[in-house]
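**Q** Need coordinates for the following:
(one chain, ligands or ions: 1)
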Amino acid sequence: MFTGVDHIAIVVRDIQEALKVYRDALGLEVSEIKEVPDQGVRVAFLPVGETRLELVQPTSEESGVARFLEKRGEGIHHICLKVRDIEAALKQLSKAGLKLIDEKPRIGIHGQKLAFVHPKSLCGVLLELYEEQEGGSYG
Ligand code: ZN
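**A** Numbers count the residues shown, from 1 in each chain. Presented below is the predicted three-dimensional model:
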């Protein structure tokens, strides 16, 4: 069902500060920095081979990421695995007894279909599913 790791999301207090280590010290390139006002976050993408690190900084106190940061501090927020058919994947995971946050896919900032699986079902790890897009570009 899974075809790869699309990205690993890391919550940070300040993207510019985080880039001092992730870009400057680790030497990773930044492909994109983007504001996502409707989710109350700013994100930076750093490709690593076939996958990407996604730094996520809350820009609104109301966002889920802000609550995560307050409760747990900086760190890994979720991992995202690619699937070919997200509806089929959700059906299968639900049948397997996993708790889905999204019963139906939502549309992400790059127009892709995505859905989240509850961390309580996966040993404390929030899992995101991405449906692979033709051509595999991230927009
Ligand atoms: Zn993600």
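**Q** As a quick check, tell me the outermost residue of the protein.
**A** The centre of the chain is farthest from one residue, K95, which by CA atoms, centre = their mean lies 23.5 Å away.
**Q** Can you check the pLDDT for that one?
**A** Here the pLDDT value assigned to K95 is 97.
**Q** What distance do you get for it to the ion?
**A** Between K95 and the ion the computed distance is 24 Å (CB to the ion, to the nearest Å). Backbone N, C-alpha and C define where each C-beta goes, glycine included.
**Q** and if you look at V36?
**A** To the ion, V36 is 11 Å away according to CB to the ion.
**Q** Return the set of residues that bridge with that residue.
**A** Note on V36: beta-bridge partners V41, judged by DSSP bridges.
**Q** dump the residue contacts of it.
**A** By CB atoms under 8 Å, 6 or more residues apart in numbering, the residues touching V36 are 42-43, 109.
**Q** Distance of the closest residue to E35 other than its chain neighbours relative to E70?
**A** Sequence neighbours aside, R42 is the residue nearest to E35 in space, at 5.3 Å (criterion: CB to CB, 6 or more residues apart in numbering). As judged by CB to CB, to the nearest Å, R42 and E70 stand 17 Å apart.
**Q** the more surrounded of these two?
**A** R42 (20 against 10; other CB atoms under 10 Å).
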